[in-house]
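[1] Generate coordinates for the sequence data below:
(one chain, ligands or ions: 2)
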Amino acid sequence: MQFEKNILCIGAGYVGGPTMAVIAQKCPQHKVTVVDINPTRIAEWNSPDLPIYEPGLDEIVKETRGKNLFFSADIEGGIKEADIIFVSVNTPTKDYGIGAGKAADLQYWEKTARQILEFSESPKIVVEKSTLPVRTAQAMEKILTSTNNGIRFDVLSNPEFLSEGTAIADLQEPDRVLIGSMETESGLKARDVLVEMYANWVPRERIITTNIWSSELSKLVANAFLAQRVSSINSISALCEKTGADISEVATAVGMDSRIGNKFLNASVGFGGSCFKKDILNLVYLCRSYGLHEVADYWESVIKINQYQQERFVFKMLNAMFNTLSGKKICLFGFAFKANTGDTRESPAIFIAKRLLEENAEVVISDPKALKNARADLKGVNGKISYVEDPYGAACGCHAIAIMTEWDLYQNLDFEKIYRSMAKPCFIFDGRNILDHEKLLKIGFNVFPIGKPAMAHFDLS
Ligand code: UDX
Ligand code: ADP
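    Ligands and ions are numbered 1, 2, ... in the order given. Here you go, the predicted structure:
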């Protein structure tokens, strides 16, 4: 079959994979190829067992793979035939040199830019999908035009707003698609090509175009605002625990103000994921580099509260369990950074598991999708750790359960059965406020929610 356009995506990860699957589904007239330097990842994308868990993804890949969606390790061939190249490689926070722990590590991204330059034989539209610090599109353009080889490259910024766990719905019906371009004749022409592609399924009024800097900055700011809401409600959860107010009641009352809205007001053990911390760090780094220290401090406090919330959670466990966890067996229900994903990047569960092990507790980790990643995250960490997928088996013989991830399955467990199998006294620390606390108390558990009064069978004062 003759395709209208060849679309390539470099990077077959949590962003590249689902995004290209949906583009292939919505644009059958285009050929979509996804390449990656990791051949095992490509082999997994070509197998029945996809490398990432995302509700609805399997079906779309089954529908399109081999028709107009292809996964390949041939980066050179992919670049040669592409008209539009999406760059979706990882941009973690630097862990070395200048800006370590703050700035984005652009080595994978720059390597990609150089590969595009090396293998291109025809004009390309290059689309930034990775979360990048502001002004990298300009750097990309500089690399691409560095050899004067006569090939035209237009760089666009098209930030990804998908949220893991709901990625397919977010891609199929996005709140908005944002496209930033250079305001030159060819920049605007390239922008229109991308607008046309999205217009295959996204209403035109939801496709917004801006200059390239606004587009890049908007991505960082959107994530910073979302993370700020979580840190705001989490900071108030600490106050609720002191005063006897209930964080869920406060969140409902506050969220009913239509100017505020009710989303992203669930107090939790802390936010995780590959984007929030990294994007705020990028924002902070950017502000500092322009001498805007007050602005940098303001955004940095969102991360500090997130760290505080996780430390507070461990302290609460220690305090409730008579100030020693040594030799006690604690079961973590959930390890993913949120429900409906197997992703554990920056998951609060990593920090909490490590801290519990430092207190000489024995940790049993349970999660329906994230045990493989959990094993990798805790590789080489000293202490007694075991991984048990079945929550009943995991909790058996434990002194405490801590809810880390809001998986639905934890709400529907038989807690009477779990209680009978555990060491007494039994504790539940609900880091997501998803359980029926009254019912648990009646069964015999001592219950410690977030931002609500603790409920115990002994004197808490
Ligand atoms: C986020 C943005 O939502 C998305 O638009 C962007 O493209 C990538 O970053 P993601 O990291 O997949 O998406 O997850 P998100 O749903 O935003 O949750 C982030 C973290 O905040 C999770 O750990 C989640 O559990 C936590 N959270 C969220 C809360 O603790 N409380 C809430 O009320 C909402
Ligand atoms: P994200 O959440 O941003 O999608 P991931 O880590 O899940 O991040 O995916 C990024 C993918 O990019 C990885 O599979 C990685 O192997 C791939 N990658 C990194 N550098 C390159 C490169 N130069 N060429 C091709 N693929 C790359």
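
[2] Grab the nearest non-local neighbour of the residue of the stretch 201-350 of the chain found nearest ligand 2.
    Nearest residue of the stretch 201-350 of the chain to ligand 2, counting by C-beta to the nearest ligand atom: Ser274, 5.0 Å away. Any C-beta I mention is one placed from the backbone N, CA and C, and that applies to glycine too. Spatial nearest neighbour of Ser274, chain neighbours left out: Arg345 (4.3 Å); criterion: C-beta to C-beta, 6 or more residues apart in numbering.

[3] likewise Phe264?
    Spatial nearest neighbour of Phe264, chain neighbours left out: Arg229 (4.2 Å); criterion: C-beta to C-beta, 6+ apart.

[4] Over to stretch 62-80 now: how far is its first residue from its last?
    End-to-end distance of stretch 62-80 (C-alpha to C-alpha, to the nearest Å): 26 Å.

[5] If I follow the layout properly, the residue nearest to Phe264 ends up in contact with Gly261?
    No. Taking contacts as C-beta atoms under 8 Å, Arg229 lies outside contact range of Gly261: 9.2 Å.

[6] Compare neighbour counts for those two and give me the winner.
    Arg229 (18 against 12; other C-beta atoms under 10 Å).

[7] Could the C-alpha coordinates of the helix or strand of the chain with the lowest mean pLDDT be exported in CSV?
    Least confident helix or strand, the chain: helix 136-144 with a mean of 80, by mean pLDDT, DSSP states H and E. Coordinates of each C-alpha in helix 136-144 appear next as CSV, following Å, rounded to 0.1, in the frame of the first residue of the first chain:
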residue,chain,number,x,y,z
THR,A,136,16.2,23.1,23.4
ALA,A,137,14.3,23.4,20.1
GLN,A,138,16.7,26.1,19.2
ALA,A,139,19.7,23.9,20.1
MET,A,140,18.2,21.1,18.0
GLU,A,141,17.9,23.5,15.1
LYS,A,142,21.6,24.5,15.6
ILE,A,143,22.8,20.9,15.5
LEU,A,144,20.7,20.1,12.4
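
[8] Report whether that helix contacts ligand 2.
    No. Helix 136-144 does not reach ligand 2 (C-beta under 6 Å from any ligand atom); its nearest approach is 13.0 Å.

[9] Give me the helices and strands touching that helix, please.
    helix 107-119, strand 124-128, strand 153-157, helix 212-243 (3 or more C-beta pairs under 8 Å, 6 or more residues apart in numbering; DSSP states H and E).

[10] Tell me which residues are up against that helix.
    Contacts with helix 136-144, where a contact means C-beta atoms under 8 Å, 6 or more residues apart in numbering, come from 87, 106, 109-110, 113-114, 116-117, 126, 128, 153, 155-157, 180, 182, 212, 216.

[11] can you confirm Thr33 is in a strand?
    Yes. With DSSP: H, G, I helix; E, B strand; the rest coil as the criterion, Thr33 is assigned to a strand.

[12] Read off the pLDDT value for it.
    Note on Thr33: pLDDT of 98.

[13] Tell me, how many residues neighbour it?
    Counted with other C-beta under 10 Å, Thr33 comes out at 23.

[14] Could you number the chain from 17 rather than 1 from now on?
    All set: I'll call the first residue 17, so the last point we hit is now Thr49.

[15] Does the closest residue to it other than its chain neighbours belong to a helix, a strand or coil?
    Once flanking residues are discounted, Thr49 sits nearest to Phe86: 4.6 Å by C-beta to C-beta, 6+ apart. Here Phe86 is recorded as strand under three-state DSSP.

[16] Phe86 contacts Val50, doesn't it?
    Yes. Counting by C-beta under 8 Å, Phe86 touches Val50, with 7.2 Å between them.
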